[in-house]
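[1] quick one: sequence plus predicted model below, questions after.
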Amino acid sequence: MKNLIYPVIISEFDDDGHYYVVTSPNIPGMVTQGDTFSEAAYWAEDAIATMLDDSTNYPEPQDPSQWHLNANDKVVYISVDMNKWLKQNSKTIRRSITVPEYLNNLAKKNNINVSRLATEALKAELNVN
């Protein structure tokens, strides 16, 4: 996982109220919006992370100078920290593991939380903070 930076298009609209829509030719299907420019940029980070959260091969950022923009469009670069996003949006699941009985007994005797220890070991093995 890493910190990603993707260009997006933020389009300003005034029909049916004032709002901003965010899309990215780089990430097909990604669409979000906000009532303000800042809100749209904030939700763009979430939308990018949501679209990419199961991916291990992230698309290379495109050169936005090749994109066709309308008068109401602006290119903005959005930074997404995938490690942080996954931590904040990850639920805990129950998973059974098998350990030798003597280790289980020693863990209980020493008040070691096996789930916490397994989580920390997996993070270290996968180089995830």
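    Received the coordinates, thanks. Residues are numbered from 1 along each chain as shown.
[2] what packs against the helix or strand bottoming out on mean pLDDT in the chain?
    Lowest mean confidence among the helices and strands of the chain (mean pLDDT, DSSP states H and E): helix 82-88, at a mean of 73. The contact analysis (3 or more CB pairs under 8 Å, 6 or more residues apart in numbering; DSSP states H and E) places helix 82-88 against helix 37-52. Any C-beta I mention is one placed from the backbone N, CA and C, and that applies to glycine too.
[3] neighbouring contacts of the helix it packs on?
    Residues outside helix 37-52 that contact it (CB atoms under 8 Å, 6 or more residues apart in numbering): 4, 6, 8, 10, 12, 19-22, 24, 27, 29-34, 58, 76, 78-80, 82, 85-86, 89.
[4] go again with 10 Å.
    4-6, 8-12, 19-24, 26-34, 36, 58-59, 74, 76-82, 84-86, 88-89 (CB atoms under 10 Å, 6 or more residues apart in numbering).
[5] ok, stretch 22-31 next?
    Contacts to stretch 22-31, defined as CB under 10 Å, 6+ apart, come from residues 6-11, 21, 32-34, 37, 39-45, 47-48, 50-52, 58-64, 66-68, 73, 75-76, 78.
[6] PyMOL command for the buried members of those?
    Buried members of these can be picked out in PyMOL with the line below, counting by 16 or more other CB atoms under 10 Å:
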select buried, resi 6+7+8+9+10+11+21+32+33+34+40+41+43+44+45+47+48+50+51+52+58+64+76+78
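[7] in which helix or strand would I find the residue lying farthest from the centre of the chain?
    For the chain, the residue at maximal distance from the C-alpha centroid (CA atoms, centre = their mean) is Y102, at 39.9 Å. Y102 belongs to helix 101-109 when assigned by DSSP states H and E.
[8] for that helix, packing partners?
    helix 114-126 (3 or more CB pairs under 10 Å, 6 or more residues apart in numbering; DSSP states H and E).
[9] got the angle for the helix it packs on vs helix 101-109?
    Relative orientation of helix 114-126 and helix 101-109, computed by axes from the mean of the first three to the mean of the last three CA atoms, to 10 degrees: 110 degrees.
[10] what helices or strands is helix 114-126 leaning on?
    Looks like helix 114-126 contacts helix 101-109 (3+ CB pairs under 10 Å, 6+ apart).
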